[in-house]
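In: pasting the structure only:
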Ligand SMILES: [Zn+2]
């Protein structure tokens, strides 16, 4: 079983991890950074399997070099895969945050010896969601790590963590998926036609899980239809002076429901991002089917207001995830966009 080769597009991080394993230089804490849905958590679990497998295999990897892999079949591998290994501990946000109680419970577990693992692995998924209190409690464990224990934290970027936590972790960056990779996965793995795949991939911002979730969503046809409206709406906001009536009507339409609003924000963000990216690396834009329009707008608007627009969208995303009122959140974001 090719445990690592099932993780797409992450050859470099996997090579770094297998080198740490082969050289017996695994640190106490690793931090995996990268956008959501690129394989950080899957890789954490695969590495926990590797560190505890009793029947390691050398299998030829994508680059044809034999690569060490966990077997996937021994008792340890099976337990980890099914989420039943007592020494592989996964901490995730409960709601919006990872709270102090979760870290206190973890500390109690870590005070005991591992049950059976060669290397106990604590995976803190979405570590950016640690409250300050929880982050500080975790820091105590990182400062004096219990022996035979590896911490793996995952987060979108380094700056999402407390600097003290960051300084105790070895960082491994995970790549976003390229537009072309996402398009071909949606086409070959999910039967999408080329145009639809291109639109979904553009909205996904480099995240495989976002692309596939959107593709499977019951709102899929809506996204494809709404994309044009959303892009026209953003262009009106940033390029002309929209009337208050238009702004409030748009807020009402966006705030239809939570899922729809969040997906619409991905479209808006991907569009604003492309307007910035076009200035530096036009070949890296996501919305490639609309290159002419991106070129025209990008050349007529400065970078800074676009970055402010992206920040307004980020804030709205956070507010929605924290269950703020949808319509008010939409109105605040749109007012900021219109001032861009
Ligand atoms: Zn195994």
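Out: Noted; the coordinates are in hand. This one's a predicted model, so the numbers in the text were calculated from it and none came from an experiment.

In: for the helix or strand where residue 213 lies, which positions count as buried?
Out: In this assignment (DSSP states H and E), residue 213 forms part of helix 208-216. Within helix 208-216, the residues that count as buried by 16 or more other C-beta atoms under 10 Å are 208-212, 214-215. Yep, even glycine has a C-beta here, placed from its N, CA and C like the rest.

In: Give me the helices and strands touching that helix, please.
Out: helix 179-190, helix 194-204, helix 258-280 (3 or more C-beta pairs under 8 Å, 6 or more residues apart in numbering; DSSP states H and E).

In: Any idea how many residues pack against the closest residue to the ion within the stretch 151-300 of the chain?
Out: With distances taken as C-beta to the ion, the stretch 151-300 of the chain approaches the ion most closely at residue 152, which sits 18.3 Å away. The burial metric for residue 152, expressed as a neighbour count using other C-beta atoms under 10 Å, is 25.

In: is it true that it lies in a strand?
Out: Yes - assigned with DSSP: H, G, I helix; E, B strand; the rest coil, residue 152 falls within a strand.

In: That one and residue 70: what is the separation?
Out: Distance of residue 152 to residue 70, given as C-beta to C-beta, to the nearest Å: 15 Å.

In: and what of residue 103?
Out: Following C-beta to C-beta, the distance that separates residue 103 from residue 70 is 28 Å.

In: Which of the three states applies to the most centrally placed residue in the chain?
Out: A centroid search over the chain (C-alpha atoms, centre = their mean) returns residue 36, at 0.9 Å, as the residue closest to the centre. In terms of secondary structure, residue 36 is coil; the call rests on three-state DSSP.

In: Quick one: residues contacting the spatially closest residue to residue 263 that is not a sequence neighbour.
Out: Spatial nearest neighbour of residue 263, chain neighbours left out: residue 223 (6.0 Å); criterion: C-beta to C-beta, 6 or more residues apart in numbering. With contact taken as C-beta atoms under 8 Å, 6 or more residues apart in numbering, residue 223 is in contact with 199-200, 203, 214, 217, 263, 267.

In: could you redo the last one with a cut-off of 7 Å?
Out: Shown in contact with residue 223 (C-beta atoms under 7 Å, 6 or more residues apart in numbering): 203, 214, 263.

In: what do you get for residue 242?
Out: Here residue 242 is in contact with 236, 338 (criterion: C-beta under 7 Å, 6+ apart).

In: Tell me the pLDDT of it.
Out: At residue 242, the pLDDT value in this model is 83.

In: do the same with the one 3 residues further on
Out: For residue 245, the pLDDT comes out at 88.

In: Who has more neighbours out of residue 103 and residue 70?
Out: Remark: of residue 103 and residue 70, residue 70 carries more neighbours, 26 against 23, as counted by other C-beta under 10 Å.

In: Torsion angles phi and psi at that one?
Out: Listed backbone geometry of residue 70 is phi -70, psi 150, with angles given as degrees, to the nearest 10.

In: Show me what from the protein comes close to the ion.
Out: Contact residues, the chain versus the ion (C-beta under 5 Å from the ion): 53, 55, 70-71, 74, 77.

In: Among the residues you listed, the buried ones, what's the ChimeraX command?
Out: Selecting only the buried entries of the residues of the chain next to the ion in ChimeraX, with 16+ other C-beta under 10 Å as the criterion:
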select :53,70,71,74,77
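
In: could the residues of the chain next to the ion go into TSV alongside pLDDT and secondary structure?
Out: What follows is these, written out as TSV (pLDDT from 0 to 100; DSSP: H, G, I helix; E, B strand; the rest coil):
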residue	pLDDT	secondary structure
53	97	coil
55	95	coil
70	95	coil
71	94	coil
74	96	coil
77	96	helix
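
In: ok, back up a step: tell me which of the helices and strands packed on helix 208-216 sits most buried.
Out: Among the helices and strands packed on helix 208-216, judged by mean count of other C-beta atoms under 10 Å, the one packed with the most neighbours on average is helix 194-204 (a mean of 22).

In: Need the contact partners of that one.
Out: Taking contacts as C-beta under 7 Å, 6+ apart, the residues outside helix 194-204 that touch it are 179, 182-183, 186-187, 192, 210-211, 214-215, 223-224, 227, 266-267, 270, 286-289.

In: That helix relative to helix 258-280, how many degrees between them?
Out: Relative orientation of helix 194-204 versus helix 258-280 (axes from the mean of the first three to the mean of the last three C-alpha atoms, to 10 degrees): 90 degrees.

In: where's residue 282 relative to residue 176, distance?
Out: Applying C-beta to C-beta, the value for residue 282 to residue 176 is 17 Å.

In: what are the ranges of the helices in the stretch 1-150 of the chain?
Out: Taking DSSP state H, counting those that start in this stretch as the test, the helices found in the stretch 1-150 of the chain are 11-22, 40-52, 75-81, 100-110, 132-143.

In: Need the residues that contact the first one.
Out: Residues from elsewhere that reach helix 11-22 (C-beta under 7 Å, 6+ apart): 4, 7, 26, 43, 47, 50-51, 62-63, 67-68, 172, 174.

In: And the closest residue to residue 285 other than its chain neighbours, how far from residue 287?
Out: The spatially closest residue to residue 285, leaving aside those adjacent along the chain, is residue 274, at 4.2 Å (C-beta to C-beta, 6+ apart). Relative to residue 287, residue 274 is positioned 5 Å away (C-beta to C-beta).
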